[in-house]
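J.: dropping the sequence and predicted coords here.
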Amino acid sequence: MILFDNCRFLIATPDPDGIIEDGWVLVDGPLIHSVGGPEASPKDEVVRRGGEVVDCGNRLVMPGLIDSHNHLANYAFNLLPGIDPSSLEFSGISECLEKFIWPAYTWASDESTYDMTLVAMCNAIKHGTTTITSAFPFPHGSFRAGVASGMRLIMHPQTVSNVILGDGLDDDGYLALTEEVIRNYHNAEDGRIQVAVHPHTTYSCSERLLLESMELAERYDVGFATHLLESAADRHLSDAQFAAWGGIVGYLQARGILQERTLFFHCDQVNREEAEIFAEAGVAISHNPQSNATYHGSVADVPALRAAGVTLGLGTDMPAGNLFDNIYTAYLVNAIIPPDQEGQFEPWVPIELATIGSARAQRLGDRIGTIEAGKRADIITVNLHRNTTLYPLNAGNLLYWIVTKCAGTLVEDTMVDGKFLLRGGEFTFLDEEAIVARSDEWMTRFESWYRARKAAGEPVTVRKYPDYESR
């Protein structure tokens, strides 16, 4: 048993009613046993039974953050601006993928995926993320990293038709691999590792790959995830491609893609009518404010999506990102977009998106996302003793201050399933220096590969057919 006792502030649920001053959380094995206030602390009983008591008198204790969209092993794209500045000279999502994203996927392997995913997980753990998703090919490497890290991982084995990635697979190969991964890895590690089917997006996947991916998700009762409408160009081209159905949303609706198991990444261009369609179907959306604003100059209209009743989570979309940054960004961008609206949601909503919202988006709301008895013990603490940013604090300003002043915060402790992954700011079993050193070697190899391909006039992205080709 582990008791987080005397918590200066305990956020049981991400709203004002969920704040407990001087509260406590009792963890028994992988589960939260009970939660309460100072008058009912079980400290004496825990000590009597030989359990551990963690004095949190100078700490904020809250649910672990949940990253609902990321590409964990794709660190290589961070190198490209320094290797080849023209990689950032793109217009629209297709050219962005061609020049900035796909080269790393074309080079990668299961071995590089394992090490690079662990680097991303180290970064996430230090910033309070306990559950993370990874949309990436090479799922065997992703799985091994999930096992080694101790994090809660939702694997999105990425499949694509229009380019040849480093795995060399076609539609048949991807469908077979996805089924194998579901059979072998879904609910592994006592449910800590999950699998969802993930065709990359409508314009990069054949119709067969898209529809048979949903058939797999239905057959095995797993999630279905894909990118959707993340830029104005994406909207124009997607609607043109599926004009016979009245646009992309009409096509997805007609083909049975809009389901409770469906998670769409981004959705910056979704209008209010479409938001209502999504809400009625039970579709969830991962809001990725930093990556979308950075690379495409647009973000999802979260107030409109919330008003329609769409389930919303928060994602970083980038392995070097962190959710505390995105919590703040979500608050900022949705205060001014769209410009004819103000005060669209309460200041604690971005915390909700990063915790219980993302849990629900992954169909895990009954297991994680809040600190409640019976849920998995995914808990983080923030040291307030020398924290001059989160100062001064009281129960009334706490949630607002976390949203607006907690960007980039490093946490004191990170716990998943009742086990400390980070304790006192130090990893308990991961060798971060060794992981980074191995990743440095992979980045050197990627740079050499990229420069050699360019020098030889060979493509760094190998296409099978153009995006949006009629087929």
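T.: Great, that's in hand.
J.: so for Arg471, what's the pLDDT?
T.: According to the per-residue confidence, Arg471 scores 41 in pLDDT.
J.: ok, now Ala40?
T.: pLDDT recorded at Ala40 is 88.
J.: kindly report the same for Gln344.
T.: 68.
J.: quick one, helices of the stretch 251-400 of the chain?
T.: In the stretch 251-400 of the chain, helices defined by DSSP state H, counting those that start in this stretch lie at 272-281, 289-295, 302-308, 323-336, 349-352, 358-361, 398-405, listed in chain order.
J.: what does the following helix or strand past the last one rub up against?
T.: It refers to helix 398-405. Taking DSSP states H and E as the definition, the helix or strand that follows helix 398-405 towards the C-terminus is strand 413-416. With Cβ atoms under 8 Å, 6 or more residues apart in numbering as the contact definition, strand 413-416 has outside contacts at 27, 54, 64, 125-126, 128-131, 150-152, 192, 376-381, 420-424. Bear in mind the C-beta positions are built from the backbone N, C-alpha and C, glycine included.
J.: ok, and what's touching whichever helix or strand comes after strand 413-416?
T.: Next in sequence after strand 413-416, counting helices and strands by DSSP H and E, comes strand 419-423. In this structure, residues lying in contact with strand 419-423 by Cβ under 8 Å, 6+ apart are 30, 125-126, 130, 149-151, 411-415, 427-430.
J.: how far does the helix or strand just after strand 419-423 sit from its chain's centre?
T.: Where DSSP H and E defines the elements, the next helix or strand beyond strand 419-423 is strand 426-427. For strand 426-427, the separation from the chain centroid amounts to 22 Å (computed by Cα atoms, centre = their mean, to the nearest Å).
J.: and what of stretch 249-260?
T.: If you compare the mean C-alpha spot of stretch 249-260 with that of the full chain, they lie 23 Å apart, counting by Cα atoms, centre = their mean.
J.: picking up where we left off before, just to be sure, which of the contacts of strand 413-416 are found in strands?
T.: Cross-referencing these with the strands (criterion: DSSP state E) gives 27, 54, 129-131, 152, 379-381, 420-423 as the overlap.
J.: which elements pack onto the worst-scoring helix or strand of the chain on mean pLDDT?
T.: For the chain, counting by mean pLDDT, DSSP states H and E, helix 92-96 ranks last in confidence among helices and strands (a mean of 79). Where contact means 3 or more Cβ pairs under 8 Å, 6 or more residues apart in numbering; DSSP states H and E, helix 92-96 is packed against helix 232-241.
J.: can you pull the contacts of Glu346?
T.: Contact criterion Cβ under 8 Å, 6+ apart gives Asp15 as the residues in contact with Glu346.
J.: go with 7 Å
T.: Glu346 is in contact with no residue at all, counting by Cβ atoms under 7 Å, 6 or more residues apart in numbering.
J.: what's the distance between it and Gly247?
T.: The gap separating Glu346 from Gly247 is 33 Å, by Cβ to Cβ, to the nearest Å.
J.: likewise Met214?
T.: The separation that Met214 has from Gly247, given Cβ to Cβ, amounts to 19 Å.
J.: what about stretch 37-56, distance to the chain center?
T.: With Cα atoms, centre = their mean as the basis, the distance from the averaged C-alpha position of stretch 37-56 to the chain average is 34 Å.
J.: then it to PDB, C-alphas only?
T.: Extracted as PDB, the C-alpha positions of stretch 37-56 are listed here (Å, rounded to 0.1, in the frame of the first residue of the first chain):
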ATOM      1  CA  GLY A  37     -10.100  14.600   3.200                       C
ATOM      2  CA  PRO A  38      -7.900  15.300   6.200                       C
ATOM      3  CA  GLU A  39     -10.400  14.200   8.800                       C
ATOM      4  CA  ALA A  40     -10.400  10.600   7.500                       C
ATOM      5  CA  SER A  41      -6.700   9.900   6.700                       C
ATOM      6  CA  PRO A  42      -5.800   6.200   7.000                       C
ATOM      7  CA  LYS A  43      -2.200   7.000   7.800                       C
ATOM      8  CA  ASP A  44      -2.000   5.100  11.100                       C
ATOM      9  CA  GLU A  45      -3.600   2.000   9.600                       C
ATOM     10  CA  VAL A  46      -1.200   2.100   6.600                       C
ATOM     11  CA  VAL A  47       1.800   2.400   8.900                       C
ATOM     12  CA  ARG A  48       0.500  -0.400  11.000                       C
ATOM     13  CA  ARG A  49       0.200  -2.600   8.000                       C
ATOM     14  CA  GLY A  50       3.700  -1.800   6.700                       C
ATOM     15  CA  GLY A  51       2.600   0.400   3.900                       C
ATOM     16  CA  GLU A  52       4.400   3.500   2.600                       C
ATOM     17  CA  VAL A  53       3.300   7.000   3.400                       C
ATOM     18  CA  VAL A  54       4.300   9.900   1.000                       C
ATOM     19  CA  ASP A  55       4.000  13.300   2.700                       C
ATOM     20  CA  CYS A  56       2.600  15.600   0.000                       C
END
